Each structure stands twice: as C-alpha cells, then as structure tokens.
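# Kindly return the folded structure for what I paste below:
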Amino acid sequence: MTRAAASMLLALLLLTLGLTGCGDDSDGGGGSADDSSASPTPDDADDSGDSGDSDDSGDSDGDDAPAVPPVFTDGPGDATLTFSGGEEQLGSGEFDQSELTVSVGQTVEFVAGDGGTYAVEVGGLDGVTISGGLKEYYRFDAAGRYSVEEDISGATATIIVQ
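Coordinates of the predicted model:
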C-alpha cells in the first residue's frame, strides 16, 4: 500500500511538473489572457519601427488608434458605414466608404447593405455581427484613426474622429 501510494504521488508530481513546463513564457497562467490584451501597447511600439509586423490588422489598429477604444452602444447613429458582400465570390465585398469622418462623441452605425451576415471588427475590438436586420453601434470618445475590418473578406475602412 505504501509503495503504491508513493508511486501514485510521484506520478502526480511528475505530471504536474510536466504540465507546468508546457505553459507559455509569460508570467502566471491566469494572466496570459490579460497579458495578450495588454500587449498591443508594447508590441505596437516595437512594430512601428519594424514594418514587417504592421501588416496584421490588430497591430496596425494600435499604431494609429487612440488609447481610448470605441464604446459598443445603442443607436441611433450619427453616421453610417455599410458593408455589402460580393455576389460573385464568397468572402468578397467592400464598405461603401473607405474613410468616414465623425466628431468626438459621435456614434457610427454599422449595417449590412444586402441580405448577408458579416463579422465586423472596429478599432481592434472583438467582432460584431451585422446583417439585414441587425445593426451595431459604436461611439467614438477620442480623436484618432480607427481601423474597421470585415473578418471574412478582409475589406477595410477607416473611421477618422476629429
């Protein structure tokens, strides 16, 4: 019994050590989600001098975007940005404007211009779904340039807040 218990304890210890060795290099396993959301600021500083990494939409958002992210809110919108998918090919489409200028504190309404359903990321935040009957709204409380991207097509637009 004692030998079996010792063997079991040793096996659990080795398993625990093995699993902790599989973790990432960042401090604290629970903080890794927070570390990834906090990392755009230091990474963006490095990316500004390293143009190879600035192709990622998440990195380019942070280069120009103000420190204050847009706020997901209820409508109505002061301005509208419309995305329409391409009928010829799945994963194609475009925004009706490549740039949209609004004032600080204004809300932008995001809509689908056709019957499709699309995932739109605004200012590097998690994507929201828009479709024929589902509109989403973001309020912009800080001046700057905010990147907008439709996830599937990769189509982009820029919201300029003055």
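# ok, residue 84 touching residue 97?
No - counting by CB atoms under 8 Å, residue 97 is not a contact partner of residue 84; they are 11.8 Å apart. For every residue, glycine as well, the C-beta is placed using N, CA and C.
# Between the two ends of stretch 113-124, what distance do you get?
One end of stretch 113-124 sits 22 Å from the other (CA to CA, to the nearest Å).
# could you give the mean pLDDT of it?
Stretch 113-124 shows a mean pLDDT of 90 in the predicted model.
# could you pull out the strands for this structure?
71-73, 79-85, 93-95, 99-102, 107-112, 118-122, 128-130, 136-139, 144-150, 156-161 (DSSP state E).
# these two touch, right, residue 148 and residue 140?
No - contact criterion CB under 8 Å: residue 148 and residue 140 do not qualify, at 11.3 Å.
# shared neighbours of these two, anything?
residue 159 (CB atoms under 8 Å, 6 or more residues apart in numbering).
# Between residue 84 and residue 97, which has more neighbouring residues?
Per other CB atoms under 10 Å, whichever of residue 84 and residue 97 has more neighbours is residue 84, with 19 against 15.
# buried stuff in stretch 133-146?
Neighbour counts over stretch 133-146 (16 or more other CB atoms under 10 Å) mark 135-140, 144-146 as buried.
# I'm done for today, thanks for sticking with me.
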